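S.K.: what would the 3D arrangement of this be:
(2 chains)
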Protein chains: 2
Amino acid sequence: MPYGYRAPVEHMRFVMERVLNAPQSWRGCPGFADLDGQTAEAVLDEAARFAAEVLLPLNTSGDQQGCTRLADGTVRTPDGFRAAYGAYVEGGWAALPCDPAWEGQGLPLLLDAAMREMLDACNHGWNMYPDLLHGAYETLKAHGSEALKQRYLADLATGRTLAAMALTEPGAGSDLGVLRSSAQPQPDGTWRVQGDKVFISGAEHDLTDQIVHLVLARTPDAPAGTRGLSLFLVPKHLPQGARNAWVCTGLEHKMGIHGSATCSIRYEGATGWLIGDLHRGLAAMFLMMNSARLHVGLQGLGHLEMATQNARRHAQDRVQGGGPIAQHPAMRHTLLRLQARTEALRCMAYRAALALDEAAHHESPERRAQQSALAALLTPIVKAYGTQLGFEGAHQALQVFGGYGYVRETGVEQTLRDARIALIYEGTNEIQAIDLVQRKLLSDEGRALGILMAELETEAAAALAAGLPEAAQALREQIAHARRGLADLQAAAAQGRETVLVLCDDALAAYAHLCLAWAWTASSRACMQVLAERPDDDEAAQRLERMRYGLQWLLPQAQVHWQALGVQRVLPAVCA
Amino acid sequence: MPYGYRAPVEHMRFVMERVLNAPQSWRGCPGFADLDGQTAEAVLDEAARFAAEVLLPLNTSGDQQGCTRLADGTVRTPDGFRAAYGAYVEGGWAALPCDPAWEGQGLPLLLDAAMREMLDACNHGWNMYPDLLHGAYETLKAHGSEALKQRYLADLATGRTLAAMALTEPGAGSDLGVLRSSAQPQPDGTWRVQGDKVFISGAEHDLTDQIVHLVLARTPDAPAGTRGLSLFLVPKHLPQGARNAWVCTGLEHKMGIHGSATCSIRYEGATGWLIGDLHRGLAAMFLMMNSARLHVGLQGLGHLEMATQNARRHAQDRVQGGGPIAQHPAMRHTLLRLQARTEALRCMAYRAALALDEAAHHESPERRAQQSALAALLTPIVKAYGTQLGFEGAHQALQVFGGYGYVRETGVEQTLRDARIALIYEGTNEIQAIDLVQRKLLSDEGRALGILMAELETEAAAALAAGLPEAAQALREQIAHARRGLADLQAAAAQGRETVLVLCDDALAAYAHLCLAWAWTASSRACMQVLAERPDDDEAAQRLERMRYGLQWLLPQAQVHWQALGVQRVLPAVCA
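M.R.: Numbers count the residues shown, from 1 in each chain, chains lettered A, B, ... in the order given. Take a look at the predicted model:
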């Protein structure tokens, strides 16, 4: 049976309505106060149709054709990609979460997150093109001059123009301080941008005529390091229509996301416009990167969902030893693990999206500040752990397919190859771990964590009240670990930077398990509510069992990570 | 810098001589009594040269060209593969561990294992062709008629003829009981073989003129299930030279090992000869499969070594933030984990090979029986855990390369793709876990485990005597866990088959950690011996630190698996 996709709209709504109680949040946000469940449902159903009917049929062919054909600096995307993108813009999908003032639809990021998850599941390679659009839109909206906004912002909001983020250079990956691209001021107020950038997704393609690059470059006499970087908008076509002076010099042959053009770009004195303040390019760029990081976590979720539902179907169809292999205990472990993780990751990622919505739109300034801190705390966890689960999920699903998973035609090996990049780009998962520990846990002395913990305590109490003492107990144990973990990290930090850096990967895994414990508990509580209303709801009863599986069989993996935080050991050097 | 390979001959010898004390074992084996360290060293050095100079240059090109070209049923392997194979036969590599009576070189499987590890590291796709040869040789040697042996055995021993193992059919993967291929007896004593087989590695190619298939098929009136299967030798060319009646009907497009021909074969009344007894085909085939399982574990080791040494070199060459990334704590964790696991897995895999050597050649019958049981116990662990570490190692190494790991040119993504198959074929890792628990731990009431435990106790005492109280303590803790684990499994088995099947994957991981604890402890003890002789031996001092890293940072991952064995929980069904 071919690789298929049925959007998990039912579970998406369960998470939004039952686990997160998003409608209540919306009522506190003037911009969303009129939003009702029916509208949300219609958006999800339509997005599901677009993903499965327009994008999924291009997933295998996009992988096979790839996007490595460069003729005279022009990139040709796989067959059907351009038409699908036209339909995407036409359908208003790019504009979904954007401001109506800029032709946006003004819907919550929470719905946008669900839509993105579907696009990623069905065609990650294709979705690389529009996925950076929202970050570019936000960056320009927050930092662009009025003139720049008038010229580009509505086109970015609607997707009529696509965007690319040009950071990396041949000698500089995670270390942006050594970037060498330069920008020289011109008498007319523009800048002349020069330099080589690599690994730029979607810098050149044939989906839209106009493409704008957001380019990090160094101005004359700028300070060394990252504090000397400024951000420039460098369009493909200048306002009068002439082609700007940059050229695509190469396309990467990659392990996966073959349909995505990964470009090397040479800026040959291209004309650019400064975005935001001089030397504050990285700060402006971070807005784009934070949005992109949640999106990457959603890629992990999309891959995990895709892998899970196909593994499940294969295991139910494939007969060995007189019954479907889904009956075998080893396969049941794998399928339960896949499902329990998929459902938990959806809760986590959507929780982060909801926090961003409240941070931007809630009527209460305190709530906005609180939710902003919470979103910042959750973002590195969703990015790093979500992408890890996406890759591991594809790996485990491939094992369910056995030999049929290793051949190309079943599609699961493509999911594995596509999923792998997400652990690397937009800040490697190791960088996410450092971000979590240094900036999100230690810098504010645990205030953001305190906000999360208060929410988790409330959930534990709700679980207990719902008749789930074991889930409440498991969550409270994780909360206690998380408190001690913070103290351990603070003690390590007091010993110096090296001592705390040694613990970051364990810390990320540990706090991710705290979130998993919350997700399984909150989902269990929500299942109990459904069952109280409809005692014979099979889906809720089965979900409750899966959530219990997560708490009983998967959560114990947290303990080795919490323990590691409490031991200060010297990490040997790696010798040449 | 391109992907390279420097065979770890120094560590291979360290494991053989210092950790395993193989020379002492050889002195107890009449066939190897004359073998000295110099001969062994010369074999390793020559094999290292062959792998790095002949096979490695064909690894990328073999991946890119692939082996999916089928013209008139003829398979064309990638450029250079045929010449490399000629050099392999010419160099006597196929014959290395075979009986001199059949033109073999009569060397230990331990040296053969080291050679295979190098071939796998440098070109897994190419090595798929000769890798099954030894299993076919052993099967024919043990079960073939004198006439069949005279006709084929020397050619198989030397590799002049290649072999393939034809089990899987479209409807039957792990479940061999439902195989449908048939064999009809002919008046001249031959059999007429009919049926379709899929996923047959190296069933057709252009490396040798003659290819023999070992085919599992059902004879008329045979009992149903696996007890009705018989094994047939079906050559490509009949003794008079005519082409036998089978045809290659298709080649798979796979995720990796592109250079290997994965064939669909249709037997159209092909002439075959019975190997062994009627209806005992599976038993004869198991001999081949056990040999193949150790080989697959060695593939995991080869991939892990390749990934590790390239990640390490990249991390030392790549400068970010003012120094090589190898200095960063997150990268140090990854590199130390890779190295500690590589070195431990080598100890484990070579220990299994040495057990096979003693089982076949030791002068003491008790020792032979003991070591045979030990080899049987270790085989599923080395196969399943070794391939898991190989895949995970490639995954972790890719992360060290960052974006450069995701593009094809650095080579590490090929290692990841190639490594993935090894968790599936020759019995999936889930089947290995069941084999370990049911056949190796429970069936003999822990006798094989007792043999292993006695050896581990001796090692713990030696570590203590060598001044390594912490290592000795860590190993003894694992031994205690392993004892309790056996009791837990026995208690689960008393509850029924389902209860114990639920625990198999955790059991495999847990007992693999027992072996890791042994490997890190024994290696530490061996390092102490080296340091006692040469106090300023830097390599030994650094290795000691890596082994300590394994015991301190990695071994705690065992505990969640041991704990799982002690809790009997109901595993939910996966609902449709």
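S.K.: what is the subsequent helix or strand relative to the lengthiest strand in chain A?
M.R.: Criterion DSSP state E: the longest strand present in chain A is strand A:262-275. Downstream of strand A:262-275, the next assigned helix or strand under DSSP states H and E is helix A:281-317.
S.K.: list the buried residues of that following helix.
M.R.: A:281-282, A:284-285, A:287-316 (16 or more other CB atoms under 10 Å in any protein chain shown). All C-beta atoms are positioned from the backbone trio N, CA, C, and that covers glycine.
S.K.: out of those residues, which touch chain B?
M.R.: Filtering the buried residues of helix A:281-317 for proximity to chain B by CB under 8 Å from any CB of the partner chain leaves A:Arg312, A:Ala315, A:Gln316.
S.K.: out of the residues you listed, which one sits closest to chain B?
M.R.: A:Gln316 (5.7 Å; CB to the nearest CB).
S.K.: what about the residue in the stretch 51-200 of chain A that chain B sits nearest to, neighbour count?
M.R.: At 3.9 Å from chain B, A:Asp175 is the closest residue in the stretch 51-200 of chain A, using CB to the nearest CB. The local packing of A:Asp175 (other CB atoms under 10 Å in any protein chain shown) involves 16 other residues.
S.K.: likewise for A:Ala101?
M.R.: So A:Ala101, with other CB under 10 Å, has 11 neighbours.
S.K.: any idea how far A:Ala7 is from it?
M.R.: Separation of A:Ala101 from A:Ala7 (CB to CB, to the nearest Å): 30 Å.
S.K.: gap between the two ends of stretch A:430-438?
M.R.: End-to-end span of stretch A:430-438 (CA to CA, to the nearest Å): 12 Å.
S.K.: I'd like the average pLDDT over it.
M.R.: Per-residue pLDDT over stretch A:430-438 has a mean of 97.
S.K.: wait, A:Asp505 sits on A:Glu430?
M.R.: Yes - using CB atoms under 8 Å, A:Asp505 is in contact with A:Glu430, at 6.7 Å.
S.K.: find residues that contact each of those two.
M.R.: Common neighbours of A:Asp505 and A:Glu430, using CB atoms under 8 Å, 6 or more residues apart in numbering or on different chains, are B:Ala330.
S.K.: compare these two and say which is more crowded by neighbours.
M.R.: Set A:Asp505 next to A:Glu430 and count neighbours by other CB under 10 Å: A:Glu430 wins out with 26 against 22.
S.K.: show the contacting residues for that one.
M.R.: Applying CB under 8 Å, 6+ apart, the residues near A:Glu430 are A:Cys504, A:Asp505, B:His328, B:Ala330, B:Met331, B:Gln399.
S.K.: which of those has the most neighbours?
M.R.: Going by other CB under 10 Å, A:Cys504 tops those with 25 neighbours.
S.K.: quick one: pLDDT of it?
M.R.: pLDDT at A:Cys504 comes out at 98.
S.K.: could you find the closest non-adjacent residue to it?
M.R.: By the measure of CB to CB, 6 or more residues apart in numbering or on different chains, the closest residue to A:Cys504 outside its immediate chain neighbours is A:Ala433, 4.0 Å from it.
S.K.: next: A:Ile275.
M.R.: Spatial nearest neighbour of A:Ile275, excluding adjacent residues (CB to CB, 6+ apart): A:Leu231 at 4.5 Å.
S.K.: before we move on, back to that, surely the residue of the stretch 51-200 of chain A closest to chain B is in contact with B:Arg318?
M.R.: No - using CB under 8 Å, A:Asp175 is not in contact with B:Arg318, being 9.9 Å away.
S.K.: out of the helices and strands in chain A, which is least certain?
M.R.: When each helix and strand of chain A is scored by mean pLDDT, DSSP states H and E, strand A:319-320 comes last, with a mean of 86.
S.K.: for it, what is the distance to the chain centroid?
M.R.: Centroid displacement of strand A:319-320 relative to its chain, using CA atoms, centre = their mean, to the nearest Å, is 37 Å.
S.K.: equivalent analysis for stretch A:512-520, please.
M.R.: Centroid separation between stretch A:512-520 and its chain, computed with CA atoms, centre = their mean, is 18 Å.
S.K.: near chain B at all, it?
M.R.: No - using CB under 8 Å from any CB, stretch A:512-520 stays clear of chain B, coming no nearer than 11.7 Å.
S.K.: residue contacts, A:Met285?
M.R.: By CB under 8 Å, 6+ apart, the residues touching A:Met285 are A:Thr139, A:Met165, A:Leu167, A:Leu214, A:Leu216, A:Leu231.
S.K.: one more time with 10 Å
M.R.: A:135, A:139, A:143, A:165, A:167, A:176, A:214-216, A:226, A:229-231, A:275-276, A:292 (CB atoms under 10 Å, 6 or more residues apart in numbering or on different chains).
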